[in-house]
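S.K.: Have a look at this prediction, sequence included:
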Amino acid sequence: MKKYINLLFLLLLLPSCYKQQQLDYSKWYTVEVDDEDPLPSEEVKGLMIMSSNVRYYSARNKADDPDVGDRDWEVRKKGYFKMVNTMKPMVIGLQEAEMNQVSDIVANCKGYAYVGVGRNDGSQKGESTSILYKTDEISLEDWGTVWLSPTPNVVGSYFPEMTDGQYGQSRTATWAVLTAKESGRRFFYINTHFSLYEASQPKEVQVILNTVKEKCPAGLPTVLSADWNLEETDPILAPILGQYSSARQTAPLTDNIETFHWWGSQSTISKHQHLDHIFWSGFEKCLRFRTLNMKWEKLWISDHHPVYAIFQFKTGSTEKQKPVAAFDIPANPKMDEIIRFTDKSTSEDGIEVWEWNIGGIVSSAQNPEVMFNTYGDDIPVSLTVTDHYGQKASASKTFSVALSEGHDLTIEWSKLYDETTDGKGTAVADWTAPAVTPAGDKIYVASSGYHLVGFNPDGSIFGSYDIGKREPCITDRDIQTPTPSIDSQGNVYIPVQYGYSESGHGGLYSIRPDLSGENWYHDTGNTSQYRNTIPTIVGDYVAVVLTNCGNDLTRNAAVFRRSNGSLVQVLECDKGSWGGMAAGYKGELIYSTNRGGTKQGREPSTETSGGYHVAVVDGALGNWKTSANSDSGRKTNLLGMRHTDGNGYLAKAGQPAVGSDHCVYVCATSDNENMICAKYNLDNYVFDSAPTPLWKVELETHSTSGVLGLGCVLDADGNAYFRAAEKVFRLNSKTGDKGWVYNTEGNYNTGVPAIDALGYVYVVDYGGNKLLKLSSADGKLISSLELENPRTSPTIGPDGTIYVTGSSSQGAILYKIKCQKTTAPGPNWSQLGGNPQKTCTPPGFNL
């Protein structure tokens with residue numbers, strides 16, 4: 001009888017906390033044994049999501065007012081476990097949860113898993129906004145953490161307004177795409193903890209809204225929860241309330257209880273006491289909102305009360321009719337024009353997800369807009385839609401894309417720039433490519449006539465420097481092949497090779513931007529030779545690969561100081577090496593070595609392979625180290641040593657490329673019929689350890705010269721366009737799978753392609769005496785232009801102008817080529833040397 005009277009007394013008090021008083025309290029609430037506040041013994045059915053600030057574990061160590069006694073997590077956590085095990089929320093968004101607290105909850109609350117990271121290091125340190133979910137009721141599809149900062153993907157970042165350290169700095173938000181198993185319905189959830197900085201809070205709101213926009217699949221119901229450190233009525237939250245509803249304000253069963261209570265004494269702390277809110281959209285309704293303002297195990301479980309909301313998914317017709325997929329294609333679509341596909345699908349139950357495949361382009365937008373850089377008929381397009389019940393429907397069509405105008409390649413001017421002729425031959429531009437300044441106002445070209453010539457964009461020559469003046473006994477007119485490079489001050493670097501044997505010299509020039517004189521020249525000795533190489537500019541240094549070396553060089557790669565040309569270091573490299581070098585983002589130097597692999601016109605060598613050396617920075621930039629130049633040391637090279645296919649790989653003339661993904665792409669020859677292409681992650685390269693490629697593929701090709709693998713360029717997505725002697729291959733960035741192959745004429749082509757910002761690929765076809773413009777999508781020929789003996793690589797200047805060298809019976813030629821629909825270079829490793837200046841550095845490199 002006493003228990004019944006107590007129950008009746010408490011039930012009479014309860015309605016003051018609730019806006020609606022329609023409950024049968026004798027059914028819904030019972031009195032706990034320890035006289036705690038009443039709890040629902042039977043709750044409304046739906047998706048139950050809780051938001052809970054658990055109070056930092058480390059607050060027990062504060063110098064000022066530490067959490068001791070009942071406030072210590074080690075004491076109060078048993079109450080927290082009881083709350084979770086009693087309420088059994090399907091999803092819990094935690095705030096102020098350090099990772100040991102998250103582990104405690106998961107270990108002591110049955111059936112939960114979690115996602116989330118510490119804010120300090122993106123792993124275990126600092127507060128997390130972890131999301132817990134009951135694994136028997138909820139499944140996880142995807143998740144992530146962002147930082148409330150101008151750079152949300154940078155670990156530990158924060159807005160500059162969070163500066164005084166009083167309330168900590170970085171804050172995070174954790175998001176997840178989840179599925180309610182019983183109904184199969186997907187939803188999106190994001191949980192965060194706002195700072196106390198009023199100046200940064202509006203920016204934090206935008207990070208949350210942007211994250212939902214970027215990460216939430218189209219059409220999914222969405223829940224936002226947090227300790228917002230703001231009242232719902234605060235104008236800072238207006239952008240959120242403009243898109244989402246408040247669970248507290250929209251639930252028919254709700255309360256208006258303050259959530260921040262400071263261990264039961266909230267009236268003395270702050271005017272901001274309704275700080276924990278849940279916002280929602282896309283559900284049929286919010287059935288309940290509740291604040292759990294009670295002790296558990298006679299303990300306050302935090303200085304904030306948990307809140308929860310229960311949501312009902314939208315329902316459709318009782319027959320659950322399937323959706324109907326349909327769409328429209330615009331009339332007469334053309335290349336390079338935006339093509340908008342319009343969804344016409346219908347569903348009584350509402351469509352949540354759109355899945356398009358438009359000629360291989362994938363989109364989840366309802367009405368996607370795409371652009372093609374190829375043309376053709378019978379291009380397939382399909383749309384699959386999914387309704388709120390998970391029912392799917394599909395539709396497919398084919399369409400045609402017409403070749404658009406403006407792709408013709410035209411010669412604006414062509415100029416002879418070196419007419420040197422003597423008993424040893426006529427000057428040619430063999431392999432060497434133009435270098436262009438970042439402003440596009442100067443173009444530098446070299447030739448076998450030993451002149452470095454500077455052009456203005458109008459075709460006038462502003463200067464010429466005789467780089468052959470140091471050697472009167474030049475033996476041939478076809479051996480000077482290097483490409484110049486330009487540093488940030490406009491100085492031009494060009495190696496010279498005066499002969500095939502010890503009768504000639506070689507060295508490296510640094511020449512002033514106006515070509516009026518040299519800054520310095522470093523003589524690298526009687527035997528030094530440079531074949532198909534480009535100086536690599538790394539910070540205050542310039543590095544080169546030599547075929548042979550002499551004087552004070554003991555190895556075939558060398559680094560010089562840009563300021564005065566002094567030798568800084570020699571690097572391990574085999575005699576006979578051809579080709580280029582590339583710098584990684586950490587200052588690594590990647591360069592080819594000639595040892596092993598095929599020999600011209602012969603069977604594959606039985607020697608162990610050299611592949612590509614990786615010289616890593618040893619301490620500070622200016623000092624590098626490589627593995628030993630021996631068979632045992634070569635196993636640490638890229639494509640080094642004999643691999644499982646039994647071949648040694650020759651990297652003769654190979655040009656490595658480093659992408660914005662910090663990966664290096666290399667190619668080599670295993671015999672005269674095959675080329676090996678591989679991709680390595682430089683961030684994973686460990687000095688003196690054998691590297692493992694992300695992928696390695698063998699491509700069938702052919703050359704009578706023994707030079708097959710020449711190098712590649714990369715599009716914005718990292719797809720690689722490798723050049724072989726008579727083919728161009730497109731390889732998938734992630735897998736190495738072959739996309740398409742284009743066959744050029746002849747099998748003695750040199751150089752690599754170039755790619756513009758629209759993704760068009762430009763290839764010099766020496767066998768056909770042409771410059772080709774190809775579609776990156778399928779390798780189709782878009783246009784071509786006849787040139788005279790272009791045995792080189794095209795250079796795309798910053799304004800989209802294409803420069804190509806050629807050769808005639810009169811001497812070396814520079815072509816300036818225009819195309820209405822050629823843009824600036826692509827954003828990745830876009831051409832020989834990586835960029836128009838030929839610095840051999842990746843995009844964004846700033847060492």
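M.R.: Happy to help now that I have it.
S.K.: what about Leu339, how many neighbours?
M.R.: One thing to correct before we go on: residue 339 is Ile, not Leu. The number of residues packed near Ile339 is 20, by other C-beta atoms under 10 Å. C-beta: built from backbone N, CA, C; applies to glycine.
S.K.: whoops, Asp65 was the one
M.R.: Neighbours of Asp65 (other C-beta under 10 Å): 8.
S.K.: what's near enough to touch it?
M.R.: The contact partners of Asp65, by C-beta atoms under 8 Å, 6 or more residues apart in numbering, come to none.
S.K.: same check, this time on Lys773
M.R.: By C-beta under 8 Å, 6+ apart, the contact set of Lys773 is 407, 409, 760-762, 781-784, 819, 822.
S.K.: Go through the residues you listed and give me the one with the most neighbours.
M.R.: That'd be Tyr760 among these, by other C-beta under 10 Å, with 27 neighbours.
S.K.: ok, now which ones touch that residue?
M.R.: Counting by C-beta under 8 Å, 6+ apart, Tyr760 has contacts 373, 773-776, 782, 821-822.
S.K.: of those, closest to Trp263?
M.R.: Ser776 (63.0 Å; C-beta to C-beta).
S.K.: The closest one and Tyr760, how far apart?
M.R.: Separation of Ser776 from Tyr760 (C-beta to C-beta, to the nearest Å): 7 Å.
S.K.: Find the residues that touch each one of those two.
M.R.: Shared contacts of Ser776 and Tyr760, defined by C-beta under 8 Å, 6+ apart, are found at Asn373.
S.K.: where do the helices sit along the stretch 601-750 of the chain?
M.R.: Ranges of helices in the stretch 601-750 of the chain, per DSSP state H, counting those that start in this stretch, are 631-634.
S.K.: What's the per-residue pLDDT of the spatially most central residue of the chain here?
M.R.: For the chain, Asp661 is the residue whose C-alpha lies nearest the centre (C-alpha atoms, centre = their mean; 5.6 Å). What the model reports for Asp661 is a pLDDT of 93.
S.K.: wait, isn't it in contact with Asn719?
M.R.: No. Asp661 is beyond contact range of Asn719, at 11.2 Å (criterion: C-beta atoms under 8 Å).
S.K.: Please enumerate the shared neighbours of these two.
M.R.: Contacts common to Asp661 and Asn719, judged by C-beta under 8 Å, 6+ apart, are Ser733.
S.K.: domain assignment for this structure?
M.R.: If you go by automatic domain parsing, the domain ranges for the chain are 1-31, 43-312, 327-401, 410-818.
S.K.: what's the closest of the contacts of Tyr760 to Leu621?
M.R.: Proximity of these to Leu621 (C-beta to C-beta) peaks at Ser776, which lies at 34.7 Å.
S.K.: what number of residues lie near that closest one?
M.R.: Neighbour tally, Ser776, other C-beta under 10 Å: 24.
S.K.: where does it land in three-state SS?
M.R.: Per DSSP: H, G, I helix; E, B strand; the rest coil, the local secondary structure of Ser776 is coil.
S.K.: That one: what's its closest spatial neighbour, skipping adjacent residues?
M.R.: Leaving aside its sequence neighbours, Ser776 sits nearest to Gly759 (C-beta to C-beta, 6 or more residues apart in numbering; 4.2 Å).
S.K.: pLDDT score assigned to the nearest residue to Gly93 once chain neighbours are set aside?
M.R.: Nearest residue to Gly93 in three dimensions, chain neighbours excluded: Asn191, at 3.0 Å (C-beta to C-beta, 6+ apart). pLDDT, Asn191: 98.
S.K.: A helix includes Met83, no?
M.R.: Yes. Membership of Met83 in a helix is supported by three-state DSSP.
S.K.: That one and Asn719: what is the separation?
M.R.: Distance, Met83 to Asn719, using C-beta to C-beta: 52 Å.
S.K.: the more surrounded of the two?
M.R.: More neighbours surround Met83 than the other of Met83 and Asn719, with 23 against 20 (other C-beta under 10 Å).
S.K.: Could you verify my assumption that the more buried one touches Leu299?
M.R.: No. When contacts are counted by C-beta under 8 Å, Met83 is not listed as touching Leu299 (9.9 Å).
S.K.: in the stretch 101-250 of the chain, which spans are strands?
M.R.: Per DSSP state E, counting those that start in this stretch, the stretch 101-250 of the chain carries strands over the ranges 112-115, 127-128, 131-134, 138-147, 172-180, 185-193, 222-227, 245-246.
S.K.: any idea which element Ile310 lies in?
M.R.: For Ile310, the host element (DSSP states H and E) is strand 307-312.
S.K.: With Ala558 instead?
M.R.: With DSSP H and E as the test, Ala558 turns up in strand 557-561.
S.K.: thinking again about what came up before, what's the local residue count around the residue nearest to Ser776?
M.R.: Counted with other C-beta under 10 Å, residues neighbouring Gly759 total 18.
S.K.: mind checking the SS state of it?
M.R.: coil.
S.K.: just the one 3 residues further on next, same as before
M.R.: The local conformation at Tyr762, judged by three-state DSSP, is strand.
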